[in-house]
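Asks: Sequence and predicted structure below; questions after.
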Amino acid sequence: MHLLVVFALLAMVGVSLGFLLFAATLPQPAAPGLVTDGAVVLTGGPGRLARGREVLAKGLAQRLLISGVDRRVRPDELRAAMGLSEAQFAAVDLGFVAENTRANAAEVAVWAQANQFRSIRVITSDFHARRARLEIAARLPEDVGIVVDAVASDPDLRTLMREYGKYLAAWLLLGLG
């Protein structure tokens, strides 16, 4: 019984310290000028589409996948909202299947493999970036490089705690196999 209490306390301390590290070291935007074969925007947060537009406009990726697009969104409306020309939008692929991060990862893997990309840039909110990278990396071949391009946000404590819990759950599930 005593050993179980000690183990529980150590686990709580470990999880708490992990959360502090998670919250204090949120991922940052990718290095300026860094080029990848493809870029993917995971929908669901402010600034993500704008960053995807910027990456495409600067030629930092050959193609852009927007994963998790609502089925009611019309491509022309999205193109106009992003401020892309028709020529620029021709390099955009829309993913309508994903409704969560795990499904985003599956959609990204199919897209990256279909385009034979050796490197991809993942554009998502800073607090979401670690879990998104973890889920995507689990579904891509090991030789495909993944660059996180985090969009700065101002998450509250509740958001950070929820995302840390999801990250730990994904890490455990993927680790267990």
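Replies: Cool, got the structure.
Asks: Now find how far off-centre the helix or strand of the chain with the lowest mean pLDDT is within its chain.
Replies: Across the helices and strands of the chain, mean confidence by mean pLDDT, DSSP states H and E is lowest for helix 2-24: a mean of 90. On the basis of Cα atoms, centre = their mean, to the nearest Å, helix 2-24 sits 26 Å off its chain's mean C-alpha point.
Asks: Could you check how far the next helix or strand after that helix is from the centre of its chain?
Replies: Proceeding N to C from helix 2-24, the next assigned helix or strand is strand 38-42, under DSSP states H and E. Relative to its chain's centre, strand 38-42 lies at 8 Å (Cα atoms, centre = their mean).
Asks: In its sheet, which strands sit next to strand 38-42, and in what direction?
Replies: In the sheet, strand 38-42 lines up against strand 63-67 (parallel), strand 119-125 (parallel) (DSSP bridges).
Asks: could I get the ones you listed as CSV with mean pLDDT?
Replies: Converted to CSV, these look like this (pLDDT from 0 to 100):
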stretch, mean pLDDT
strand 63-67, 98
strand 119-125, 98
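Asks: Pick the most buried one from those.
Replies: strand 119-125 (a mean of 26; mean count of other Cβ atoms under 10 Å). Where C-beta positions appear, they are placed from N, C-alpha and C, glycine not excepted.
Asks: which residues are in contact with that one?
Replies: 30, 34, 36-42, 44-45, 47-48, 51-52, 55, 60-61, 108, 112, 129, 132-133, 136, 140, 144-151, 153, 155 (Cβ atoms under 8 Å, 6 or more residues apart in numbering).
Asks: State the next helix or strand along the chain beyond it.
Replies: helix 129-137.
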